[in-house]
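Predicted model and sequence follow; I will ask about them next.
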Amino acid sequence: MEGFRRLFVNGPLFRRRASGLALAGAVLAVLLFGCREELGQHVDRNRPPDTYLTGFPAESTTSVYRVHLFWYGADHDGAVVRYEFAVTDSAPDDQDTITYKSTTLTDSVFVFQVGRTQQVLAHRFYIRAVDNDGRVDPEPAWTFFGAADLVTPRVEYTVSEGFLAGTDSTIAITGAEVAVPRDTIDAGMNVRFHWRGVDGDRVVLETGQIDTVGHVVSYEHWLSPLQAAPIADELDDTTAVYTGLTTGKYIFNLRAIDDAGFGGLDPTVRAFVWNRDPQTYFETGYDSTAGAWRPHLLATSTAWSGPREFFDGDTIPLVNVSGQLRLVDVWTRIWGRDPDDNLGRGVGRFQFRGGVGIWQMADTTENPQRPYAKLTRLGTTDMAIQARCTDGHGRHDGTPAEMRFVVNYSPVLLDTLALEGGQPVYQRPRRNEAIRLADLAAANWQLNGRVRALDPDATTDRFLYYFRTSGFQYGTPVTPPAGQICQYSVVIPAEWRQVGSYAIGVRVEEQTEGTRRRVDLAIPFRIVN
């Protein structure tokens, strides 16, 4: 009816000139009869109040989460008696879903929440006036801005340790290295943590002064992997104790939660390992050359009689007899201990491997506590034999014992420094020989030499020779007949064509079946005037 009235009174029908009583009667009839129902309804003559925000962060800006907001209301036909305010994280689809709270104030300091691990979170603040007849402003004043908590609340551990119940024995836990914790506590120990928190959020007051406003309101902690989710703590609950742990790595996670709900992007951690590794050792023998007891092994081959003793770092010969390589078997004993054997079970499950191969069980037939580790049919190799054991909790030695040895001696160069007794000079230039600069220039900077290699364990007398001067690139190989001298020729590079000390690089490689022993050597010489 209201729309019809606007159209009729203000529209072209009303503006058009009318004549005669008929038109007047028609208009009167419409007004009297067509609007009878509307005239009979109650007319609310109380106009709603208006609301205004006068102090607030600029639209879509970011402010410290603690904000002082100001507002007021005006009512045209009464008085504003109170206000209603609400805060949402985003604009709701329906205004009816907003929950308002009542206040009689015209300003207040609000603490806007951020995420637990999110430093900035957007909010809408709504304020609406209510008049003395209970009429509410249907269009609340509002602002949209981001609340920021840029200072992470900090926690400090006052106690972080493993302890043995009923004793004074403790081990401090101070490391935060999650991947490889640096702290290990003994098997059987419990752990406890005590902490305090502080927050340093600051704001600029209306007076221009800077005030520290943030404060810790609660904590949360969890011990991984024992607990998968945070455990909420009240402000006065600052202690956590764990008992009954099993072997493995643990990470204690701790957050302080401030008044904005922020706990930091990452928790403050203490990482530790429960139960020390067992320790594994190789049996030792007396090395008369070194004058000390050292890890040792025994080696056998059909090339010699009975076992031979070798020590950590030694080379075992690989002998060629009648054109056949005589492979080598090696074995050694291993043993272990548990530094925190709270179960009294000692160590067991001894294992060994060669290089990075698969772990094998040691032979405990003769002595379960000092079993044999044995590697068979070894040819040319640079080997690291490793051994480990397991403690009563099932924990392996994380740093296995290691002993290195080599099978097959590297070739060497025969070097004769004098022509005494008619002995041939195999190496030329001789070691540290002085060669005249003029002689090299006369030879068009070409140095002709000779060299011969020897295999100390007689594996072969056939070799490949490679030569180089400056740089790292070797030339093409030279292959002399078996047991013969290698003739070679190198060109002295431009940077060597002056007085000084130099060295020709020689690479010697055995010509044998299977893995070959190779060695890089040098022939030093001098260029003089």
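Great, that's in hand.

Identify each buried residue in stretch 369-381, please.
The neighbour-count check on stretch 369-381 (16 or more other Cβ atoms under 10 Å) flags 371-375, 378-381 as buried. Bear in mind the C-beta positions are built from the backbone N, C-alpha and C, glycine included.

Of those residues, which is the nearest to residue 334?
For these, the minimum distance to residue 334 (Cβ to Cβ) is 5.4 Å, reached by residue 373.

Doesn't the closest one belong to a helix?
No: remark: residue 373 does not belong to a helix; assigned using DSSP: H, G, I helix; E, B strand; the rest coil, it is strand.

what's the closest non-adjacent residue to it?
residue 352 (3.5 Å; Cβ to Cβ, 6 or more residues apart in numbering).

who's residue 257 bridged to?
On the basis of DSSP bridges, residue 257 is bridged to residue 218.

who's in contact with it?
Applying Cβ atoms under 8 Å, 6 or more residues apart in numbering to residue 257 gives the contacts 116, 153, 216-220, 263.

Recalculate using a threshold of 10 Å.
Neighbouring residues of residue 257 by Cβ atoms under 10 Å, 6 or more residues apart in numbering: 116, 153, 197, 199, 216-220, 230, 232-233, 235, 263-264.

Just the ones of the residues you listed in strands?
Using DSSP state E, the members of the contacts of residue 257 that fall in strands are 197, 216-220, 232-233.

Selecting buried members of those residues in PyMOL, what would you type?
To isolate the buried members of the ones in strands among the contacts of residue 257 in PyMOL, using 16+ other Cβ under 10 Å:
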select buried, resi 197+216+217+218+219+220+233
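
Now render the ones in strands among the contacts of residue 257 as a markdown table, adding distance to residue 271 and pLDDT.
Shown next, in a markdown table, are the ones in strands among the contacts of residue 257 (distance: Cβ to Cβ, whole Å; pLDDT from 0 to 100):
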| residue | distance to residue 271 | pLDDT |
| --- | --- | --- |
| 197 | 20 | 93 |
| 216 | 23 | 93 |
| 217 | 27 | 94 |
| 218 | 24 | 95 |
| 219 | 19 | 96 |
| 220 | 18 | 96 |
| 232 | 22 | 93 |
| 233 | 20 | 91 |
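
between the ones in strands among the contacts of residue 257, which is closest to residue 51?
Lowest distance from residue 51 to the ones in strands among the contacts of residue 257 (Cβ to Cβ) belongs to residue 217, with 31.4 Å.

Could you find the closest non-adjacent residue to the closest one?
Nearest non-adjacent residue to residue 217 (Cβ to Cβ, 6+ apart): residue 259, at 5.4 Å.

picking that back up, for the buried residues of stretch 369-381, which two are the farthest from each other?
So for the buried residues of stretch 369-381, where distance means Cβ to Cβ, the most widely separated pair is 371 and 380, at 27.7 Å.

what comes up buried for stretch 452-466?
Judged by neighbour count using 16+ other Cβ under 10 Å, the buried positions of stretch 452-466 are 452-453, 455, 457, 459-466.

tell me which of those is nearest to residue 120?
Set against residue 120, the nearest of these by Cβ to Cβ is residue 466 (65.0 Å).

Tell me what that closest one is bridged to.
For residue 466, the beta-bridge partners under DSSP bridges are residue 507.

Break this structure down into its structural domains.
Following automatic domain parsing, the chain resolves into domains at 2-39, 50-148, 154-274, 279-407, 412-528.

to the chain's geometric centre, what's the distance from the second one?
Meaning domain 50-148. In this view, domain 50-148 has its centroid 44 Å away from the chain centroid, taken as Cα atoms, centre = their mean, to the nearest Å.

Between the two ends of that domain, how far is it?
For domain 50-148, the first-to-last residue distance is 30 Å (Cα to Cα, to the nearest Å).

where along the stretch 351-500 of the chain do the helices fall?
Using DSSP state H, counting those that start in this stretch, the helices of the stretch 351-500 of the chain run over residues 437-442.

where does it dip in pLDDT?
By pLDDT under 70, the weakly predicted segments of the stretch 351-500 of the chain are 416-424.

Let me know the closest of the buried residues of stretch 369-381 to residue 442.
Distances from residue 442 to the buried residues of stretch 369-381, taken by Cβ to Cβ, are shortest for residue 380, at 44.1 Å.

circling back: list the contacts for the residue nearest to residue 217?
65-66, 111, 113, 149, 153, 199, 201, 213-218.

Would you mind listing which of the residues you listed are buried?
With burial judged by 16+ other Cβ under 10 Å, the buried subset of the contacts of residue 259 is 65-66, 113, 149, 153, 199, 201, 213-214, 216-218.

Switch those residues over to JSON lines; also include distance to residue 496.
Below are the buried ones among the contacts of residue 259 laid out as JSON lines (distance: Cβ to Cβ, whole Å):
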{"residue": "65", "distance to residue 496": "73"}
{"residue": "66", "distance to residue 496": "76"}
{"residue": "113", "distance to residue 496": "76"}
{"residue": "149", "distance to residue 496": "69"}
{"residue": "153", "distance to residue 496": "68"}
{"residue": "199", "distance to residue 496": "70"}
{"residue": "201", "distance to residue 496": "70"}
{"residue": "213", "distance to residue 496": "75"}
{"residue": "214", "distance to residue 496": "71"}
{"residue": "216", "distance to residue 496": "72"}
{"residue": "217", "distance to residue 496": "77"}
{"residue": "218", "distance to residue 496": "76"}
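
number of nearby residues for the residue nearest to residue 373?
By the criterion of other Cβ atoms under 10 Å, residue 352 has 26 neighbours.

And residue 128, by the same measure?
Residue 128: 23 surrounding residues under other Cβ under 10 Å.

Check residue 182 too.
12.

which one among the contacts of residue 259 gets closest to residue 75?
With Cβ to Cβ as the yardstick, the closest approach to residue 75 among the contacts of residue 259 comes from residue 111, at 30.1 Å.

Noted, bye for now.
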